[in-house]
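In: Curious how this folds, go ahead:
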Amino acid sequence: MPVDTSYRTIWRISYPIILGLMAQNLMVVIDTAFLGRLGEVSLGASAIGGIFYLCLVMLGAGFAVGVQIVIGRRNGEGQEQKIGAVFDHAIYFMMALAILLTVLLKQLAPLLLSIFLQSEAVLAESLVFLSYRRFGFLFGFLVMTFNSFYTGITRTRILIVSTSLMAGVNILLDYLLIFGNWGFPAMGIAGAAVATNVAEVLTFLFFLLWSAKTHTLSRYRLLRFARPRARQYRMISRVAVPVMFQYFLSFAAWFAFFLVIEQISETALAASNITRSFYMLLMIPVWGLSSATNTLVSNIIGQGQAGEVIPLVRKIMFTALLISLVVIQVNLFFPREIAAFFTQEAHLIDATVPLLRVTSLALLAFSFGMIWFSGLSGTGKTLIALGIEVLSIAFYLVTAYILAVGFGGSAPVVWFVEVVYFSVLGLGSLAYLQSGKWRHFSL
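Out: Residues are numbered from 1 along each chain as shown. You can find the predicted model right below:
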């Protein structure tokens, strides 16, 4: 289906992704709020364990974004029959990656976390969480592949239903399994992991049944399971592999950031976990717009409209900034009420309030940086995007370490590096797009 670059089209594709992400991130918020009732250690452990898991998940998420870009290009070219082969090869890869990571996580988590964590209590709780959560790789990756397919063909409304289902199941099971309500076992932090695993299984089954019922499987020749072909993987890998490592490095940097925060104190870590949960919730509109940017840029290049790329990305960036200016008002005027939603401990509320205020500025930098970066990725020049990401991350981590360890800076001071990171990311991406060197790249 041909797409245009109007604000109407941008919003048509973006708003279902935004609503879907809102439902998905609601799971994170509720998880954090429930675990906050268990105490400071569980709250800190869920931050470390959750981000460690996300670092590995981002390998699959990055590959899915690369697949989304390729599917978007084929959709823009009107080659629907070729989309199925891309999808099926992605399924093969995701299944293999899930099995590998399930095994690796069991071996790596105790070794790595014991090296970096000072708190024995946080270490023990983190390992409990990961011992259950590692079984979520397979169905989590399959869900990501379906998300990339539907976003790539610009049929994003289905994502509202799928992610709402995932969030609803996860929140219900959180309530039952974390605290042991309605006769279920009280599993604590392990219950949060099990709840998410089950939610991902049910979401995958929903995608499968929906795609069969709407004849999407037959129209796009999905799940034909033909023999894997090296040529197909070479084409997909040119785009997807750099995005895999870009996503992995991005979240690995955030994991390292939280390790730096843990060096300050358990209170700083717990407050940062509360901040992370709400920060990610406020990031949702821009994440949705950035995903739409990937798809729209790839589609319009496939339609032969490369000259529309920069004007399109500029439109999306201004939309993202406007939305972020609105949502940060909650942070600025109600930080204490937000913190109190997650914890009843007065000292933790006091520690969270200044962090929430810092993230208000970071959200504006995120709106600028992430949209231009997604525009660059959408052109297919993901290796260049990876290079910009690496430079930005290096600056980010060095600055955070110097501030926290070298100068003994407080948590709010260290959190300010988020502003620096997204600014560098956006400026590098904008400069490359304006150079025009991406115009001759083909898939």
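In: Once you drop chain neighbours, what's closest to residue 410?
Out: If the residues on either side of it in the chain are set aside, residue 410 comes closest to residue 264, at 7.4 Å by CB to CB, 6 or more residues apart in numbering. C-beta: built from backbone N, CA, C; applies to glycine.
In: The one you found against residue 404, yeah?
Out: Yes: counting by CB atoms under 8 Å, residue 264 does reach residue 404; the two are 6.2 Å apart.
In: what touches both of these two?
Out: By the contact definition CB atoms under 8 Å, 6 or more residues apart in numbering, residue 264 and residue 404 are jointly contacted by residue 414.
In: Settle it for me: which of these two has more neighbours?
Out: Neighbour count, other CB atoms under 10 Å: between residue 264 and residue 404, residue 404 has more, with 23 against 18.
In: Please report the distance of that one from residue 250.
Out: Remark: distance between residue 404 and residue 250 (CB to CB, to the nearest Å) = 19 Å.
In: circling back to that earlier point, run through the residues that contact the residue nearest to residue 410.
Out: Neighbouring residues of residue 264 by CB under 8 Å, 6+ apart: 404, 410-411, 414.
In: by contact count, what packs against the helix or strand of the chain with the lowest mean pLDDT?
Out: Least confident helix or strand, the chain: helix 7-36 with a mean of 77, by mean pLDDT, DSSP states H and E. With contacts taken as 3 or more CB pairs under 8 Å, 6 or more residues apart in numbering; DSSP states H and E, helix 7-36 sits against helix 40-77, helix 158-179, helix 189-213, helix 266-302, helix 309-333, helix 335-342.
In: Rounded mean pLDDT for the longest one, please.
Out: Right, helix 40-77. Averaged across helix 40-77, pLDDT comes to 83.
In: Ok, the second one next?
Out: Regarding helix 158-179, the rounded mean pLDDT is 90.
In: List the buried residues of that helix.
Out: 158-167, 169-179 (16 or more other CB atoms under 10 Å).
In: Next one: the residue nearest to residue 410 relative to residue 50, how far apart?
Out: For residue 264, the distance to residue 50 (CB to CB) stands at 19 Å.
In: Also residue 123?
Out: When distance is defined by CB to CB, residue 123 is 14 Å away from residue 50.
In: These two: which has the busier surroundings?
Out: Counting neighbours by other CB under 10 Å for residue 123 and for residue 50 shows that residue 50 has the greater number, 28 against 20.
In: Which residue, other than its chain neighbours, is closest to that one?
Out: Using CB to CB, 6+ apart and skipping residues adjacent in sequence, the residue nearest residue 50 is residue 129, 7.2 Å away.
In: in what helix or strand does that neighbour lie?
Out: With elements taken from DSSP states H and E, the one containing residue 129 is helix 120-133.
In: For that helix, name the packing helices and strands.
Out: On a contact count with 3+ CB pairs under 8 Å, 6+ apart, helix 120-133 meets helix 40-77, helix 83-116, helix 189-213.
In: Kindly format the C-alpha coordinates of that helix as PDB.
Out: Output of helix 120-133 as PDB, limited to C-alpha atoms (Å, rounded to 0.1, in the frame of the first residue of the first chain):
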ATOM      1  CA  GLU A 120      24.700  -9.200  48.100                       C
ATOM      2  CA  ALA A 121      21.000  -8.800  48.600                       C
ATOM      3  CA  VAL A 122      20.500  -7.100  45.200                       C
ATOM      4  CA  LEU A 123      22.700  -9.800  43.600                       C
ATOM      5  CA  ALA A 124      20.600 -12.700  45.000                       C
ATOM      6  CA  GLU A 125      17.300 -11.200  44.000                       C
ATOM      7  CA  SER A 126      18.500 -10.300  40.500                       C
ATOM      8  CA  LEU A 127      19.600 -13.900  39.900                       C
ATOM      9  CA  VAL A 128      16.200 -15.200  41.100                       C
ATOM     10  CA  PHE A 129      14.500 -12.900  38.600                       C
ATOM     11  CA  LEU A 130      16.700 -13.900  35.700                       C
ATOM     12  CA  SER A 131      16.500 -17.600  36.400                       C
ATOM     13  CA  TYR A 132      12.800 -17.400  35.500                       C
ATOM     14  CA  ARG A 133      12.800 -14.600  33.000                       C
END
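In: Contacts for that helix, please.
Out: Contacts to helix 120-133, defined as CB under 8 Å, 6+ apart, come from residues 41-42, 44-46, 48-50, 52-53, 105-106, 109-110, 113-114, 117, 188-190, 192-194, 196-197, 262, 266, 269.
In: Now do residue 315 against residue 375, distance only.
Out: Distance from residue 315 to residue 375, counting by CB to CB: 11 Å.
In: Quick check on these two: which one has the bigger neighbour count.
Out: Neighbours per residue, other CB under 10 Å: of residue 315 and residue 375, the larger number sits with residue 375, 28 against 18.
In: which stretch of helix or strand covers the more buried one?
Out: Taking DSSP H and E as the definition, one finds residue 375 inside helix 346-378.
In: could the helices and strands packed on helix 7-36 go into TSV alongside distance to residue 98?
Out: What follows is the helices and strands packed on helix 7-36, written out as TSV (distance: least, CB to CB, whole Å):
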stretch	distance to residue 98
helix 40-77	7
helix 158-179	17
helix 189-213	11
helix 266-302	22
helix 309-333	32
helix 335-342	31
